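In: coordinates only, sequence not included:
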Ligand SMILES: [Mg+2]
Ligand SMILES: [Mg+2]
Ligand SMILES: [Mg+2]
C-alpha cells in the first residue's frame, strides 16, 4: 500500500494536468477525417522515413559513443570529473538553435573541423550526415544521464566478483556490467531515440531542410504550419504518439 | 582503481569530442573585446533579467508540482502507471514548437481552458505567465525523471521504519522521504532551472517575443542573430556558462 | 495489549493462529520460508493479503472491513537492519519516534537524552548512523523503538548481524526491556528464544508444529527441527520397562515412567553420548567436526560430543561403524 | 603457491606479516576493525594503498614497482554474499569462471555440469540466483570459485549469512574442498577456524597478537579475545606447586608442571566449572543465560555452565556472590 | 503589470506584430512614434508572418499587424480581425546573396543552376519560396537547391555562415547581412515583387493609436526609414 499523505494528490494532479491537457488539446485539434490522408502524403512519408532512418543511426551512435562515456564518467577517478560531466550534459539544456550554431562553427564549411574535412573531401553541410550529427549531439546526454546513474547505483561488486574469478576487463564489461544495467541502457537508448526523433532547432540551423535529405518530421511539421495547419497538427499528433509508445516501452520494467 | 578495458577510451573520447568541440567552437567565436559591452546592452540585460525571473518561478512550480507527481509515479500502485509516466515525460522529447502549439490549443484565447479563463478575466497567452507556463511544461520532466528514479532506488524501507515508529504519512514525507532524496531533488531542480533557462521553441510559439515581457535570453539570441551575430554568440556563450555552472553544481555529490 | 492473530494468507500457504498475552514475549522459530516473516508483516500492517485477522489490545487492526494503517497500529518493528535514518543523528533518530507520537520538541529532546543515557549512548548522541558500529546502531534502534512506546514490539532476528560479544551484551539489554512488554521475536538462535521469550511457536510450511513454554519445548522437543534448534538428540520409540525401543528394535535405557508400549520421545545432549565397545546403538559415522575442545561426531540421526581420546580409541572416521550409549539418567523421556 | 604477505597500510593502522604454505589454510580472526578485510583486499588486489608486498607462488603481485591487476592474480574471493550474477543461471555463473580462464564454450558447459553435480546442484542448474535459497546460492558461489581454479582462495565469512543447519552442511563441503588448496579464511565462528583452517592468526588493532596451529591456539589461548572466541575461560597467574596463584592471591589448582613462580595461563571449559560452598574462586554473578539445557552463569571474568539444580541450590542470581571451583585435571596450564 | 494592455492613462503600450524582416526599420519607426507620443510604449513582436497571424487569432494583444506578404494578411482579413482595409506599405524583391568574397564566383541567376554551387532557397510553402519559384519559372531555369529553408532568415544564415555558396533572399536581407554577404541583383526579380501590407487589428486595446502608427509608417517619414533599409515603395 502506498503511504503517501492524501494532500499530495492535489499538486500532483495540477502538474499532471499542466502536462497532459496540452497533449489532449492537440489530439482534439486533429482533423480525424483526413488523418490518414494527411500523414500519408508524399512529403509526410518522406519526412517520416528520413526521421526514422536518421533517428535510428543517431541512436546507434549515441549507444556506441555514449556507453563508453558513461562508463568513464561513472567509474574513472580523475579530478575535474564533475566539470566534464556538466559539459557533456550541456546539450540537454542548451537551446537547440544555439546547439546548431555551435555545430556550424565546428563542422560547418568554415568551422573548426569543417575546413579540414572539406580538404579530405568530406562534405557534411546540407547532407543527411549533418542531420545525424545534430541529432546525436542533442540526444547523447539522455543516454549518458540514464546510464551513468544506473552504473553508479549498480556499484562495482559484481565487477569485482568477476575480476576475482579471473575475467579480463573486456569480458567483465560485456558479460557483467552491461547486462546488469540493461534496463537503464534500454531506457536511455529509447529516450535518445525519442529525442533524436523530435530534434528541430539544431537540425534547421545546421543541416538545412530538403525533402528526403534533411527535412525530418519536425521540420516538415513546421513547414506545413505555413501552408496546411491541419497537416501540421496531424503530424504533431503522430510524433507524440511515437514518443509515448517509445517512452512507455523504455520505462516499463 | 578503474577496471575498464582500455579500448573504451577511444569511443568515449570521440563522443566527448562530438559534444565538447562545438562548445569550444562557440567560445572561439566570442568577440572577447566586446563581450562585456554586448552582454550589458539594454536588451541583453532585459532578456537576462526576464530569463532569470521566469526560470526561477518555473523551477519553483516544477518543484511544487513535480515532487508530488514523482511521488505518485514512484510509489502509487495503480494500473496504467507506465503509460502515465510516458505521457508525463513527453515534453522531454517533443519538439518545443509542437509543445508551444499544444499550449496555445490549451491556454490560448480559443483553447481548451483559454475560453473559460478569458471569461474569468485571465489572459495567459503572450504574457510573462505564458513564458512561465511554457518553461514549466518543458522543464518539469527533468525534475520528475531525476526524482522518480531516486525514489525508486531509495526504496521504502526507511519509510516503513518511520511508519512503524508511528509517524503519519505527512511527517514521513517531509522528514524522511524528501531528506533522503535531497541530492536527486537538488539535481533535478537545477536541471529544470537550466532547461527553463534555455527554453526557446515553446516560448516563441506560445508566448511571443516582446522585450521585457516575453523575450527571454534564447529569444534575444535568436533575434540578435539577424542584426548582430556577435551579440548572439556572446549571449550564447553566457547561456552555456550559466548552464555548465548550474549542472556542475547540481551533479556534484 | 493481548495480541490475537489468525494469519490466513493462501498465496503464501500460511494458515495459523497465535496469541500473545499482555506482557508476554513469543518466539517464532522455524526454517526459512516457514511463514515467520508473513506473520510479522501481517501484524505490522505491511501485508494486507488474504483473510487474516489481527486484534491487539481489543482493537481490530486487520480483519473483515477493518484496516488500521501501519503508523496508527502502535506496533513497532526492530529488525536485523537497524534502519536508522541516515540524515539524522542518533539523538534525532530517537527524537523522531517521540515527535511522531506527539511529544513536544522540547520534551522530545529531553526524553531522547534519557534514552541515550539509559543505553549508554550519550557519547554518541551527535553521530550519524554511518559513524556508528553495528552494535551501537542496533542500540540506537532499540532506544528508538522503545521511545515509540508501542503496544507491541516485533523483533525480526534483531541480533543476526552482530558479532558474538556484541550480540550477547545486547541480548541482556533486550531481556531487560522486554520484561513486561508484549513482543514477538523471530529468531534462528536458541539463545534468543531462551533468553527473551516465555513462549515459543515452531512454524513449518505455514503451520504451527509445536507451541508452548520456551524452556519446556527446548528441553522436551517434539520435532526434529526443534531438537536441532535446541541442540539435542531426539529419538522416538515405544516404552518398555525402563528403556525406549526404537524402530529397529534396539533399546535405549532411559529415565522415566510410562505405561508399557506408550509412544515416547527420548531427548539427550550430544555431550552425554559416549562410544562403547559392546551394546549401545549401532550407527555409522558421517562426519567429525571440532566442537569447542571436543569433537562433534555425527551419525545418521545422532550427534555426540566426544573427546579426542575417545575418537582415537574407537578409531572414529567418516564411514566407520560405532556403538553409542547414553547414561540412563541423561535420557529424558516424555510421551510423544 | 605459498603466500607471503607484508601488509603495511598506515592509513588504516595495519602493519603485519603473514605466510600461508602451499596447500595450507590460514584462519584470520579478530574483532571488527582489526584489519582482516584490509589483509584480504591487499591480497585480492582491490586495495593498493600503502607500502605492502604480496607474493604468491613466487610471483610478486603487489610491491615496489609491481602491480598485478585483480583479474590476473588467480586469487578468488568467496564472501558472505555469494554475488552470483543475477542475469545468469546457476550453470552460466559457473561457466563464467571457466570461460574467464580460457576454457572453450563446449568444455565449460561440461565442466560446469560436473561442478553442479559435485555440489548436488544439478536440479537447480537453470535457476537464476533470485530463485535460489541462501545456502543453494552459496553452494553455487563455491562451485564457481573452485571452477576458477585459483592459486589462492580467500574466504570472507563464507557462512555468516546462512541458517545453522545449512552452514554446518556447507562447512563440511568446504572442508573437503580446502584440503590441499591454499586458502585464507576470515571468520567470527570458532567452528570455521577449527574445521577449515590448519593455522590461525589473531588480529587486533592492525597487528597479529597470536599465531599458530589452529587446534593448539584454540585449546591454549593466550589472549582474552582468543579465549572468548574458543569458548574457554582464561586466567593468568604465577605457578606455585600444582596451582595457579592469581593476582588477588587466590589459588586455582591445576594440571601441569612448571618452574615455581613461572607466569602461566590457565584455560578451562565453562562446563568444567562448578559452584562450591567453601574455597574456590570468589566471584559475583553478573548474568544468567540459558545455554542449551544448562545455564551459563557469567561473573566478572569467568563463565560457568551449570545445571538448573546447581543454580537453584546455590541461589545464583545477578549480584549474588558465588564460589567457583574447577577440577584440577580440567584446568590446562601453559607458560604465558 | 507586464501585459501592457492597461489603459490607466499613466503609460500606454501599443502592440505591433511585425514580420521578422521588418525588425530594423520598425525599431526605428517605433522610437519615432514614442517620441511623438509621450507616455506611449511601442512593443513589437517579431516573428514569421504566419506565426504572428496564429498568435493574434489565439489572443495575443495586438493593435497593428504588418505582414511580409498578402497571403497572411488575407488570413486575418478572412477571420474578420482587421479593423480597417490593409494598406500596402513596402515592397521587396529577391536578390542573390553570396558570402563575402563570393567564393563560388556567382555572377548571374544562371550560375545558380551549376550543380557545383551550393544553393539555398526558401521552401515553396513560405512566401519567399513562392517568389523564388516565380522568378525561376520566368527565367526558365531548373534550380537544384541543397536546402529549402523555412524562412528567409534561415537562408541568409546559411550564406553568412559560409555553409552555402549562394542564396536567394530579399534585398533588405542582403543589407541586414552586412559585411558577411554580398548582393547580386538580377532582372527576373521584377516578376515576383513582394508586397508588405499593414493593418490595424479588430478588438485592439488602442485602436486610435494603432491607426496613428499605420499612418506614420505610410507617411513620407516612415517610408524614408523603410527605404533606408532597402525596401521599395508600394
Ligand atoms: Mg515480554
Ligand atoms: Mg524470513
Ligand atoms: Mg587448505
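Out: Here it is on my side, so go on. These numbers come from a predicted model, not from an experiment. Residues are numbered from 1 along each chain as shown, chains lettered A, B, ... in the order given. Ligands and ions are numbered 1, 2, ... in the order given.
In: point out where the chain drops to low pLDDT.
Out: Defaulting to chain A. The model of chain A has pLDDT under 70 over residues A:1-2, A:250-253.
In: please refer instead to chain C.
Out: If you take pLDDT under 70 as the line, chain C has these spans: C:163-165, C:290-293.
In: please redo it, this time with the cut-off set to 80
Out: Low-confidence segments of chain C, defined by pLDDT under 80: C:32, C:49-50, C:133-134, C:160-169, C:289-294, C:308-309.
In: and for residue E:63, the neighbour number?
Out: When counting by other C-beta atoms under 10 Å in any protein chain shown, one arrives at 27 neighbours for residue E:63. Where C-beta positions appear, they are placed from N, C-alpha and C, glycine not excepted.
In: check contacts around it.
Out: Contact analysis of residue E:63 by C-beta atoms under 8 Å, 6 or more residues apart in numbering or on different chains lists E:14, E:15, E:16, E:200, E:201, E:204, E:205, E:206, E:207, E:209, E:210, E:213.
In: how about residue E:29?
Out: E:216, E:217, E:222, E:225.
In: by neighbours, which of those residues wins?
Out: Busiest of these [other C-beta under 10 Å] is residue E:217, holding 27 neighbours.
In: for the chain, what spans make up the helices?
Out: By default, I'm working from chain A. A:9-29, A:35-39, A:42-75, A:81-93, A:96-107, A:114-119, A:128-154, A:157-164, A:169-172, A:178-180, A:182-198, A:201-206, A:217-227, A:229-251 (DSSP state H).
In: sorry, should have said chain E
Out: Under DSSP H, chain E gives helices at E:23-36, E:49-57, E:70-78, E:127-139, E:152-160, E:171-176, E:207-218, E:220-228.
In: just checking, what packs against the shortest one?
Out: Applying 3 or more C-beta pairs under 8 Å, 6 or more residues apart in numbering or on different chains; DSSP states H and E, we find helix E:171-176 packed against strand E:94-99, helix E:152-160, strand E:181-184.
In: out of the contacts of residue E:63, flag the one nearest to residue C:335.
Out: Residue C:335 lies nearest to residue E:15 out of those, by C-beta to C-beta, at 100.7 Å.
In: circling back: could you export the contacts of residue E:29 as JSON lines, including distance to residue B:88?
Out: Below are those laid out as JSON lines (distance: C-beta to C-beta, whole Å):
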{"residue": "E:216", "distance to residue B:88": "49"}
{"residue": "E:217", "distance to residue B:88": "47"}
{"residue": "E:222", "distance to residue B:88": "50"}
{"residue": "E:225", "distance to residue B:88": "49"}
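In: within reach of ligand 1, which of those residues are there?
Out: Under the cut-off given by C-beta under 5 Å from the ion, ligand 1 has nothing from the contacts of residue E:29 close to it.
In: thought residue C:335 was touching residue C:220, still the case?
Out: No: using C-beta atoms under 8 Å as the test, residue C:220 is too far from residue C:335 to be in contact (9.8 Å).
In: what is in contact with those two at once?
Out: Contacts common to residue C:220 and residue C:335, judged by C-beta under 8 Å, 6+ apart, are residue C:265.
In: please, where are all the helices along the stretch 51-200 of chain C?
Out: Shown for the stretch 51-200 of chain C, the helices assigned by DSSP state H, counting those that start in this stretch span residues C:90-100, C:105-118, C:134-147, C:164-178, C:190-196.
In: can you check what angle separates the worst-scoring helix or strand of chain E on mean pLDDT from helix E:70-78?
Out: Every helix and strand in chain E was compared by mean pLDDT, DSSP states H and E; the lowest is helix E:49-57, with a mean of 85. Helix E:49-57 runs at 10 degrees relative to helix E:70-78, counting by axes from the mean of the first three to the mean of the last three C-alpha atoms, to 10 degrees.
In: would helix E:49-57 count as contacting chain B?
Out: Yes: Helix E:49-57 is in contact with chain B by C-beta under 8 Å from any C-beta of the partner chain, via E:51, E:54, E:55, E:57.
In: with stretch C:177-188 instead?
Out: No: shown here: stretch C:177-188 not in contact with chain B (C-beta under 8 Å from any C-beta), separated by at least 13.4 Å.
In: for chain A, what's its nearest residue on chain C.
Out: residue C:48 (6.4 Å; C-beta to the nearest C-beta).
In: how far away is that residue from residue B:167?
Out: Taking C-beta to C-beta, to the nearest Å as the measure, residue C:48 falls 19 Å from residue B:167.
In: who has more neighbours out of those two?
Out: Between residue C:48 and residue B:167, residue B:167 has the larger neighbour count (other C-beta under 10 Å), namely 25 against 13.
In: now do the contacts for the nearest residue in space to residue A:115 that is not next to it in sequence.
Out: Residue nearest to residue A:115 in three dimensions, not counting chain neighbours: residue A:109, with 7.3 Å by C-beta to C-beta, 6 or more residues apart in numbering or on different chains. Applying C-beta under 8 Å, 6+ apart to residue A:109 gives the contacts A:115, A:118, A:125, E:162, E:163.
In: likewise residue E:123?
Out: Residue E:123 neighbours (C-beta under 8 Å, 6+ apart): A:209, A:223, E:129, E:148, E:149, E:150.
In: list the contacts for residue 73?
Out: No chain in the question, so chain A it is. Residue A:73 touches A:81, A:84, A:85, A:88, A:144, A:148, counting by C-beta under 8 Å, 6+ apart.
In: that's the other chain; I wanted chain E
Out: Residue E:73 touches E:49, E:65, E:67, E:82, E:86, E:197, E:199, counting by C-beta under 8 Å, 6+ apart.
In: widest-spaced pair of these?
Out: Farthest pair in the contacts of residue E:73, by C-beta to C-beta: E:49 and E:82, 14.0 Å.
In: those two: which has the busier surroundings?
Out: residue E:49 (29 against 18).
In: ok so, going back, can you tell me the SS state at the residue of chain C closest to chain A?
Out: Recorded secondary structure, residue C:48: coil (DSSP: H, G, I helix; E, B strand; the rest coil).
In: please report phi then psi for residue C:27.
Out: phi -100, psi 130 (degrees, to the nearest 10).
In: give me the neighbour count for residue C:131.
Out: Neighbours around residue C:131, by other C-beta under 10 Å: 12.
In: which residue sits closest to it in space, ignoring its chain neighbours?
Out: The nearest residue in space to residue C:131 (C-beta to C-beta, 6+ apart) is residue C:124, at 7.9 Å.
In: quick one: the one you found and residue C:132 touch, right?
Out: Yes: in this structure, residue C:124 is within contact of residue C:132 by C-beta under 8 Å, at 6.3 Å.
In: beta partners of the residue of chain E found nearest chain A?
Out: In chain E, the residue that lies nearest chain A is residue E:147 (2.9 Å; C-beta to the nearest C-beta). Beta-bridge partners for residue E:147, by DSSP bridges, are residue E:120.
In: for it, give me its contacts.
Out: Counting by C-beta under 8 Å, 6+ apart, residue E:147 has contacts A:126, A:207, A:208, A:209, A:210, A:214, E:120, E:121, E:158, E:164.
In: separation between it and residue B:201?
Out: 20 Å.
In: so which of the helices of chain A is nearest residue D:181?
Out: helix A:157-164 (15.5 Å).
In: what helices and strands are in contact with that closest one?
Out: helix A:169-172, strand D:75-79.
In: how about the shortest one: buried residues?
Out: It refers to helix A:169-172. For helix A:169-172, burial by neighbour count (16 or more other C-beta atoms under 10 Å in any protein chain shown) applies to A:169, A:171, A:172.
In: run a quick neighbour tally on the residue of the stretch 151-300 of chain C found nearest ligand 1.
Out: Closest to ligand 1 within the stretch 151-300 of chain C is residue C:178: 4.2 Å, counting by C-beta to the ion. Counted with other C-beta under 10 Å, residues neighbouring residue C:178 total 21.
In: name all residues that make contact with it.
Out: Here residue C:178 is in contact with C:25, C:153, C:196 (C-beta under 8 Å, 6+ apart).
In: looking at those residues, which is nearest residue E:31?
Out: Taking the contacts of residue C:178 together and measuring to residue E:31 by C-beta to C-beta, the closest member is residue C:153, at 79.5 Å.
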